[in-house]
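Colleague: my questions are about this predicted structure, shown below with the sequence.
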Amino acid sequence: MRRARVAVWIYFFISGMIMAAWAARVPAVKAQAGLNDGQLSIALLGLALGALAAMQVAGRMVDRFGSAANVLPAAFFGSLALIAPGYANSLPFLFVALFAVGFGHGMIDVPINVHAARIQRSYGRPIMASFHAAFPIGGFVGAGIGGLAAYVELSAAATFWIVSVALALLSLVVRRGLLPGRDAAAESDAERPPERRRRLLPDVPPRVVLLGAVAFCCMLAEGSATDWATVFLHDSRGASGALAAAGFSVFSGMMACGRLVGDRLAARFGAVRIVRVGAVTAAVGLGAGLVVPSAAVGVIGFGLMGAGLSCVIPQVFTAATSHDPRRAGRNLGFTAAMGYTGLLSGPVTIGAVAHSSSLAVALAIPLLLALLIALAAGRLRAADTVRRADLAVT
């Protein structure tokens with residue numbers, strides 16, 4: 001079990017490395033392809049569409065063949081897909097290349113989360129947050145490698161080749177650590193609770209729709225902080241460039257720290273309580289930053305927002321995979337797709353509202369969404385079954 005945990009942690013790390021390595025060389029690829037900011041935004045849409053499409057395909061493949069069977073090919077493809085943007089010389093080329101990168105990322109995301117949930121069930125205690133902490137750690141390393149490559153004037157193509165080959169080989173090495181066999185035994189229709197047969201959307205149980213809505217709210221708030229925290233602190237609070245940049249750094253750092261301790265908090269207090277308290281903390285922190293006309297308070301507020309939101313997605317994904325083990329892949333695919341829809345639409349929504357009113361008013365949207373997460377936290381009780389199982393054993 002320990003070897004499986006390490007293997008899945010590394011796959012989360014690989015996923016973070018892929019996205020960060022790409023992000024670090026965006027300026028070089030943009031210049032190479034001769035794109036302006038508007039054209040680059042269109043190309044980036046390919047990344048989003050690829051991820052959303054893959055999550056639906058990956059969910060069904062995981063349910064049919066098992067998560068372990070899908071992790072290696074997904075990670076191998078996702079790693080090598082990173083090479084393509086390094087040769088982009090036009091908008092159509094870069095769009096297709098980024099669609100492939102996004103598709104690879106989506107294909108990795110679903111099976112590693114399902115396999116992580118399987119390992120968590122075997123451990124009998126919450127460990128999901130520790131897996132999700134590997135993603136920003138991989139992002140930090142990937143961004144550092146990309147920045148170093150840019151500093152020594154290594155081409156984007158060469159950078160992507162080095163990172164891609166290294167990650168593809170790493171994915172092969174750790175594959176043997178994954179748990180063998182299928183993820184869950186089949187359940188007969190008679191054994192399923194009646195609630196599982198109802199559908200609000202085609203092939204999606206009502207509870208999974210609600211979990212998807214929570215993921216949407218959380219990741220929309222995350223995306224808003226990612227793209228607008230620095231702008232808000234600089235333009236609305238008069239912060240220097242360095243202090244404004246610290247706002248997002250503190251947000252990211254506190255989110256990583258929250259995930260590193262999230263499993264212990266979930267084991268002690270339960271998923272419902274940490275999500276509810278975390279969401280309220282995020283709302284209070286952001287609210288203070290919006291109301292108090294101080295750049296320092298703003299930085300602290302975004303830090304509290306990152307800490308408060310840090311454990312939401314790990315607990316939501318746990319609940320999605322626990323709802324019906326037979327449909328863990330599809331349920332997680334839907335939930336993750338809803339989350340990424342929020343992540344991608346959030347910055348655009350904030351920008352549109354800010355254009356017609358002010359950025360402070362626009363950032364009240366993620367504040368309200370955090371409060372909605374707190375209200376919906378009760379639907380995460382399924383994630384607490386892991387904690388109850390652990391208490392029963394001990």
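Modeller: Nice, thanks for sending it over. Numbers count the residues shown, from 1 in each chain.
Colleague: what mean pLDDT does the host helix or strand of F334 have?
Modeller: Using DSSP states H and E, F334 sits within helix 328-356. Mean pLDDT, computed over helix 328-356, is 82.
Colleague: other SSEs contacting it?
Modeller: If you count contacts as 3 or more Cβ pairs under 8 Å, 6 or more residues apart in numbering; DSSP states H and E, helix 328-356 packs onto helix 37-65, helix 91-123, helix 206-231, helix 312-323, helix 359-362, helix 364-376. Placement of C-beta: from N, CA and C, glycine included.
Colleague: right, so those helices: which one is the most enclosed?
Modeller: Highest mean neighbour count among these (mean count of other Cβ atoms under 10 Å): helix 312-323, with a mean of 28.
Colleague: can I get the helices and strands packed on helix 328-356 in TSV including distance to V29 and mean pLDDT?
Modeller: Output for the helices and strands packed on helix 328-356, formatted as TSV (distance: least, Cβ to Cβ, whole Å; pLDDT from 0 to 100):
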stretch	distance to V29	mean pLDDT
helix 37-65	9	82
helix 91-123	7	90
helix 206-231	19	86
helix 312-323	28	86
helix 359-362	29	90
helix 364-376	30	94
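Colleague: okay, those in TSV with distance to A168 next?
Modeller: Below are the helices and strands packed on helix 328-356 laid out as TSV (distance: least, Cβ to Cβ, whole Å):
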stretch	distance to A168
helix 37-65	18
helix 91-123	11
helix 206-231	28
helix 312-323	25
helix 359-362	41
helix 364-376	37
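Colleague: out of the ones you listed, which is closest to S79?
Modeller: S79 lies closest, by Cβ to Cβ, to one member of the helices and strands packed on helix 328-356: helix 91-123, at 7.5 Å.
Colleague: okay, angle between that closest one and helix 312-323 too, please.
Modeller: Inter-element angle recorded for helix 91-123 and helix 312-323: 70 degrees (by axes from the mean of the first three to the mean of the last three Cα atoms, to 10 degrees).
Colleague: on that earlier part again, next, the angle helix 91-123 makes with the helix holding F334.
Modeller: Using the same axes, to 10 degrees: helix 328-356 against helix 91-123 is 130 degrees.
Colleague: and helix 328-356, which residues are buried?
Modeller: 328-344, 346-347, 349-350, 353-354 (16 or more other Cβ atoms under 10 Å).
Colleague: low-confidence ranges, the stretch 151-300 of the chain, go.
Modeller: Scanning the stretch 151-300 of the chain for pLDDT under 70 picks out 182-203, 227, 242, 245.
Colleague: you'd agree G86 is up against A149?
Modeller: No. Using Cβ atoms under 8 Å, G86 is not in contact with A149, being 10.9 Å away.
Colleague: identify the contacts common to these two.
Modeller: R25, A158, T159 (Cβ atoms under 8 Å, 6 or more residues apart in numbering).
Colleague: where's the first one relative to A43, distance?
Modeller: When you say that, I think you mean R25. 13 Å (Cβ to Cβ, to the nearest Å).
Colleague: that concludes my questions; thank you for your assistance.
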